[in-house]
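Enquirer: Provided below are the primary sequence and the corresponding predicted coordinates.
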Amino acid sequence: VQLVESGGGLAQPGGSLRLSCVASGFTFSRYAMSWNRHVSGKGTEWVGQINSDGSDTEYADFVKGRFTISRDNAKNTLYLQMNSLKPEDTALYYCARGKYISENDYWGQGTQVTVSS
């Protein structure tokens, strides 16, 4: 199993970024997937999850209305569209297999997002 994130970088407050996570080594379309983030000094937070066919999503309150999770099962790829970014969104973002941190059995290596003017 391999999960490889990309798309992180520097964004200004109010800006947008789209993260991608390419999965391999398992049948991607059979699994719910999630995004988590590690915030320096705060620990790891669950950001949200998407079910196996992409028909249902769930988000942490602090990203609702700003972040959108989607997936393309034909491309074995998970996405995180981040809009209206805030400095407090600065974190290392990970994709993971499974819905919630307690269920995640594989994680990617992470991609850094920094929101600063």
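Expert: That came in fine, so what should we check first?
Enquirer: Phi and psi next, for the residue nearest to the spatial centre of the chain.
Expert: The residue lying closest to the centre of the chain (Cα atoms, centre = their mean) is residue 35, at 3.1 Å. Per-residue torsions, residue 35: phi -120, psi 140 (degrees, to the nearest 10).
Enquirer: so what's the residue lying closest to it once chain neighbours are set aside up against?
Expert: In space, and not counting its chain neighbours, residue 35 is closest to residue 47: 4.2 Å by Cβ to Cβ, 6 or more residues apart in numbering. Placement of C-beta: from N, CA and C, glycine included. Listed by Cβ atoms under 8 Å, 6 or more residues apart in numbering, the contact partners of residue 47 are 34-37, 59-60, 63, 67, 69, 80, 93.
Enquirer: let's go with 6 Å and repeat that
Expert: The neighbours of residue 47, taking Cβ atoms under 6 Å, 6 or more residues apart in numbering as the test, are 35-37, 60, 63.
Enquirer: Out of the residues you listed, which comes closest to residue 10?
Expert: Using Cβ to Cβ, residue 37 comes nearest to residue 10 of those, at 15.9 Å.
Enquirer: quick one, phi psi at the closest one?
Expert: phi -140, psi 150.
Enquirer: Next secondary structure after the helix or strand hosting residue 68?
Expert: If you go by DSSP states H and E, residue 68 is part of strand 67-72. Next along the chain after strand 67-72, taking DSSP H and E as the criterion, comes strand 77-82.
Enquirer: I appreciate the help and will end here.
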